[in-house]
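Q: have a look; sequence and predicted model below, questions after that.
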Amino acid sequence: MCGVVGVVSYAPVNQLIYDTLLLLQHRGQDAAGIATNQGNTFMMHKANGLVRDVFRTRNMRSLLGNSGIGQVRYPTAGSSSEEEAQPFYVNAPFGITLAHNGNLTNSDQLRSEMFRKDRRHVNTRSDSEVLLNVLAHEIELATSGYSLDPDALFKAVTKLHQRVRGSYGVVAQIAGFGMLAFRDPFGIRPLCLGFAESAKGIEYMIASESSALEGMGFQLLRDVMPGEAVFIDLDGKLYHRQCAENPSLNPCAFEFVYFARPDSIIDGASVYATRLKMGEFLAEKIKREFRHGDIDVVMPIPESSRPSTVELASKLGLEYREGFVRNRYIGRTFIMPGQEIRSRSVRQKLNVNPSEFKGKSVLVVDDSIVRGTTSREIVQMARDAGARRVIFASAAPPVLFPNVYGIDMPTRSELIAYGRTEEEVCREITADALVYQDLADLRRSIFDVNPALKSLDASCFDGHYVTGDITPEYLDRIERTRHNPSPKSEDMASSQLNLNLAQTE
């Protein structure tokens, strides 16, 4: 999961993009980057780290121009190498920079095609660099290498949709021409369009979440539709076209559960309102499964579960208490790479108010349970603080399947609910009782807020992959890759070259 932003303005955009990336920091803490365009020249700076650590005054001064793109990265494909920080750049045709949120499911096939057919070089293991090269190749074909106009760009995106599988919300710049944005035909990853009025005319921003637009003074115009491409030229004129044959809207359910900010609106559904609904439906289930008096107090695990917990406590008529205090300067453990780092950081991230636990039966509510590492530590912290009984509730259903569309849960063996009953998960996290949200109620939580939504990508809960290209063999292959990391870059490049050469024989 990453956050992307693109801006076309009448004034320098470096500070605007930097400030927007701060608003999107929750979507990726591994790396950050900005690329701006002035005339036919790109200026770029990117590196591993948080936004505030990547950019210094000297970097910002070098990012000239009135249009630009930026990204905060959360690695799911490729590696955490600084070379894979985004945006990426190719010099032909015309010069293109690109930032991508999502994950391609056929990147290995595309990488092979790059070498054998398109004669383009891909330098990293990042699927985003593959996506950039597919776009560049299709633009070159659509323009015959000479002329460029919006129709040619839309034709290129149409061809890209036919070749690329997976999830993608993309912002890209074409040097001296304008900004292109597009979304995958299934609408899995979010992308929205906003505008602001200036003395010189309308300025546009495209971002992963509406809260980033509004936080920077832009009004949300609408979401980019599944399969749609939007082009904004450097004079501020906007063009758009549907570029997919049979688009369908399937927003990622986990955006509403965990990733998105509560003040965002995704495909017409308020994230905050959906989380309130999750708490409402979870309260109904708890009423059915527990007797009055079984629970003394209700507590959230900050921050994502707070709206659900407030609503749940209200519906149950129970006291709401802030028993856990979050250190805001520790990264989100779910998106930290490596199980050992996640385990170590839980107690750095959370502390307890002991007076809220002593002698009480506590209902602890979290947004989800993925690997169980955090849940187990939380239960133990509650016991250490004197809780008489710890009941754990998840605002999301059991996570049973890998997510292949941009969330770091790629192997079944890492998912605590995979192959276990709820009773077994309860014992694993050492809770006295465990309650999961029902999948039907999660769907209702989102559909009730926006009845126009008819479908979701809930693949990590139900195993249904909306792109239709995920097989058991594919899942086995990504698990083998996960458990057997790639060799050093030199060996990787050599083996990839040997593979490509073998395929051309």
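A: Yep, it's here. Numbering: from 1, shown residues only.
Q: name the SS class of residue 370, please.
A: coil (DSSP: H, G, I helix; E, B strand; the rest coil).
Q: now do the contacts for the residue lying closest to it once chain neighbours are set aside.
A: Ranked by Cβ to Cβ, 6 or more residues apart in numbering and with sequence neighbours excluded, the top spatial neighbour of residue 370 is residue 399, at 5.1 Å. Where you see a C-beta, it was placed from the backbone N, CA and C, and this is true even at glycine. Contacts for residue 399 (Cβ atoms under 8 Å, 6 or more residues apart in numbering) come out as 368-370, 409, 415-418, 460-461.
Q: remind me which residues of the protein are low pLDDT?
A: Across the chain, the ranges flagged by pLDDT under 70 are 75-80, 145-146, 329-345, 410, 483-505.
Q: let's go with 50 and repeat that
A: Scanning the chain with the threshold set as pLDDT under 50 gives 333-335, 487-505.
Q: tell me the domain ranges of it?
A: 3-249, 270-470 (automatic domain parsing).
Q: pick the most deeply packed of these.
A: Per residue and on average, the most neighbours among those fall to domain 3-249, with a mean of 21 (mean count of other Cβ atoms under 10 Å).
Q: leaving out the residues flanking it, which one is nearest to residue 240?
A: residue 230 (4.6 Å).
Q: restricted to helices, list the contacts of residue 399.
A: Among the contacts of residue 399, DSSP state H puts 460-461 in helices.
Q: need the contacts of residue 399 in JSON lines (columns: distance to residue 152).
A: Converted to JSON lines, these look like this (distance: Cβ to Cβ, whole Å):
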{"residue": "368", "distance to residue 152": "43"}
{"residue": "369", "distance to residue 152": "48"}
{"residue": "370", "distance to residue 152": "43"}
{"residue": "409", "distance to residue 152": "39"}
{"residue": "415", "distance to residue 152": "44"}
{"residue": "416", "distance to residue 152": "49"}
{"residue": "417", "distance to residue 152": "48"}
{"residue": "418", "distance to residue 152": "46"}
{"residue": "460", "distance to residue 152": "38"}
{"residue": "461", "distance to residue 152": "41"}
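Q: ok so residue 284 is a strand residue?
A: No. Using three-state DSSP, the assignment for residue 284 is helix, not a strand.
Q: and the closest residue to it other than its chain neighbours, helix, strand or coil?
A: Setting aside the residues directly before and after it, residue 284 is nearest to residue 315 in space (Cβ to Cβ, 6+ apart), at 7.4 Å. Under three-state DSSP, residue 315 falls in the helix class.
Q: for residue 324, what are its contacts?
A: Neighbours of residue 324 in contact, by Cβ under 8 Å, 6+ apart: 299-302, 350-353, 364, 378, 381.
Q: identify the bridge partners of it.
A: On the basis of DSSP bridges, residue 324 is bridged to residue 352.
Q: how far away is it from residue 113?
A: In this view, residue 324 and residue 113 are 49 Å apart by Cβ to Cβ, to the nearest Å.
Q: what's the answer for residue 458, then?
A: 31 Å.
Q: likewise for residue 390?
A: 53 Å.
Q: one more: residue 455?
A: 30 Å.
Q: would you double-check that residue 34 falls in a strand?
A: Yes. Assessed by three-state DSSP, residue 34 belongs to a strand.
Q: now do the contacts for it.
A: By Cβ under 8 Å, 6+ apart, the neighbours of residue 34 are 14, 17-18, 21, 44-46, 55, 63, 68-70, 87.
Q: switch to 10 Å and redo it
A: With contacts defined as Cβ atoms under 10 Å, 6 or more residues apart in numbering, residue 34 is in contact with 5, 13-14, 17-18, 20-21, 43-46, 51, 54-55, 59-60, 63, 68-71, 86-87, 97, 99.
Q: on that earlier part again, reformat the domains of the chain as CSV; add distance to residue 256.
A: Listed next are those as CSV, based on distance: least, Cβ to Cβ, whole Å:
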stretch, distance to residue 256
domain 3-249, 10
domain 270-470, 5
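Q: quick check: which of the ones you listed is nearest to residue 261?
A: With Cβ to Cβ as the measure, domain 3-249 is the member of the domains of the chain nearest residue 261 (4.6 Å).
Q: that closest one: end-to-end distance?
A: End-to-end distance for domain 3-249: 20 Å, by Cα to Cα, to the nearest Å.
Q: correct me, but residue 174 touches residue 181?
A: No. Residue 174 lies out of contact with residue 181 (Cβ atoms under 10 Å); the separation is 11.8 Å.
Q: between these two, which contacts overlap?
A: residue 231.
Q: relative to residue 425, how far out is the residue nearest to residue 370?
A: 10 Å.
Q: touching both of those two, which residues are there?
A: In contact with both residue 399 and residue 425: 369, 372, 416-418, 436, using Cβ under 10 Å, 6+ apart.
Q: identify the farthest-apart pair in the residues you listed.
A: The widest separation within these (Cβ to Cβ) is 13.7 Å, between 418 and 436.
Q: could you pull out the residues contacting both of the two?
A: Contacts common to residue 418 and residue 436, judged by Cβ under 10 Å, 6+ apart, are 398-399, 425.
Q: which of those sits closest to residue 213?
A: Of these, the one sitting nearest to residue 213 (Cβ to Cβ) turns out to be residue 399, at 30.0 Å.
Q: let's verify the closest one: helix, strand, or coil?
A: coil.
Q: what is residue 198 paired to in the beta sheet?
A: Residues in beta-bridge contact with residue 198 (DSSP bridges): residue 201.
Q: who's in contact with it?
A: Residue 198 neighbours (Cβ under 10 Å, 6+ apart): 9-11, 236.
Q: one more: residue 110?
A: Residue 110 neighbours (Cβ under 10 Å, 6+ apart): 104, 118, 122, 127, 130-131, 133-134, 163-166.
Q: and residue 457, its phi and psi?
A: Backbone geometry at residue 457, expressed as degrees, to the nearest 10, gives phi -90, psi 110.
Q: right, and it touches residue 463 too?
A: No. Residue 457 is beyond contact range of residue 463, at 11.5 Å (criterion: Cβ under 10 Å).
Q: so what's the residue nearest to residue 240 bridging to?
A: Residues in beta-bridge contact with residue 230 (DSSP bridges): residue 181, residue 240.
Q: what does residue 297 give?
A: Beta-bridge partners for residue 297, by DSSP bridges, are residue 319, residue 362.
Q: look up how far residue 110 lies from it.
A: 52 Å.
Q: same question, residue 7
A: Residue 7 is 29 Å from residue 110, by Cβ to Cβ.
Q: repeat that for residue 279.
A: 42 Å.
Q: dump the residue contacts of residue 476.
A: So residue 476 contacts 411-412 (Cβ under 10 Å, 6+ apart).
Q: helix or strand for it, which one?
A: Following DSSP states H and E, one finds residue 476 within helix 472-483.
Q: pull out the buried positions in that helix.
A: Neighbour-count burial for helix 472-483, counted by 16 or more other Cβ atoms under 10 Å, picks out 475, 478-479.
Q: nearest to residue 215, of these?
A: Using Cβ to Cβ, residue 478 comes nearest to residue 215 of those, at 35.2 Å.
Q: that closest one and residue 403, how far apart?
A: 11 Å.
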